[in-house]
Each structure stands twice: as C-alpha cells, then as structure tokens.
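Visitor: Everything below, folded, please.
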Amino acid sequence: MATETVRRPYVPHRSGWWWTRNRRTLLFQFRELSSVFVILYAFLVLWELWALRGGASSWSAFLAVWYSRPMIVLNIVILAFVVLHAGTWFLLTTRVPLFRIHGRPPPAALVVGGMIAVWAVLSFLVLRFLYGVV
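Guide: As a prediction, the model looks like this:
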C-alpha cells in the first residue's frame, strides 16, 4: 500500500506594486485615477453654481477661496489629469474605426488630430462666448 503525501497548494506571491513595473498598466491606473479628478472638478463647478445662487456675499467668499494658492494648485493638477483623461480617450477611439477610407480604417494620427482640432475650436468658441476673446 502506497502512502499518500499531502501537498500544499501553490500560492503565487505578488507584490502590491506589481502594476508599476509595466508601463501600460501604470498608464491605465493613472487614467483610472484621472476620473476621480474629473468628478472633483464637476463638484467644484457645482459648488461655484451654489455660491452664485447664494448671492453676492456667498459669491465673494467663493472667489476668495477659488483664487487662493492651494486652489490654483489643485486646479492645475485637475487640468493635468483631465488632459490625460481626454487624451487617452482620443487614443482609444482609433481602436474602433467608425468609417473607412478606400476600404481601410483612417490613420490614427488623422482621427486624433481631427478630435484635437474640434476640441480646440470648441474651446475657442466657449472662450469667445464667455469672455469675448477674439
């Protein structure tokens, strides 16, 4: 009669920082983190509208906070993450061609360049509408 051996199951050990070793997974994690900053900016805009609704004193208090140094730094960080978020979405749209040119998908540079051009034109129109920038 053979004796049976008891084997322990193999459990691979992985560091909690495994995703930092691969550039693609690191960019993916930063892209996911950027969505938090997009939501944060949406809440800041809602806070601004709430302050505007509150009257002149509430609006003045909001502007005092809005133009403080920490808030300016926060807005720069938010802008960086929003640009990352939008840029990665622009790059993802090249993976799913919605139209073809001579039976082939368009070049990725054409699609991304077109979306950036539309983004720039719309941003210019919004600035012109809000601030009268020519």
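Visitor: neighbours around the nearest residue to Tyr41 once chain neighbours are set aside, how many?
Guide: Leaving aside its sequence neighbours, Tyr41 sits nearest to Ile78 (C-beta to C-beta, 6 or more residues apart in numbering; 4.9 Å). From N, CA and C alone the C-beta is placed, and that goes for glycine too. Neighbourhood size, Ile78 [other C-beta atoms under 10 Å]: 17.
Visitor: quick one: contacts for Ile78?
Guide: Shown in contact with Ile78 (C-beta atoms under 8 Å, 6 or more residues apart in numbering): Phe37, Val38, Leu40, Tyr41, Leu44.
Visitor: Make a ChimeraX selection of whichever of those residues turn out to be buried.
Guide: Here is the ChimeraX selection string for the buried members of these, based on 16 or more other C-beta atoms under 10 Å:
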select :37,41
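Visitor: For the contacts of Ile78, give me CSV that also has distance to Glu4.
Guide: Listed next are the contacts of Ile78 as CSV, based on distance: C-beta to C-beta, whole Å:
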residue, distance to Glu4
Phe37, 57
Val38, 57
Leu40, 58
Tyr41, 62
Leu44, 65
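Visitor: So which of the contacts of Ile78 are in helices?
Guide: Residues of those located in helices (DSSP state H): Phe37, Val38, Leu40, Tyr41, Leu44.
Visitor: Please look at the fourth one and Val82 and confirm they touch.
Guide: Yes - using C-beta atoms under 8 Å as the test, Tyr41 is close enough to Val82 to be in contact (6.6 Å).
Visitor: Check which helix or strand the residue nearest the centre of the chain maps to.
Guide: Nearest to the mean C-alpha position of the chain, by C-alpha atoms, centre = their mean, lies His85 at 2.4 Å. Assessed by DSSP states H and E, His85 sits inside helix 69-92.
Visitor: I'd like the distance from that helix to the chain centre, please.
Guide: Chain-centre distance of helix 69-92: 6 Å, with C-alpha atoms, centre = their mean, to the nearest Å.
Visitor: List the first helix or strand encountered after that helix toward the C-terminus.
Guide: Taking DSSP H and E, what comes next after helix 69-92 is helix 108-131.
Visitor: Now do the buried residues in that following helix.
Guide: Val111, Met115.
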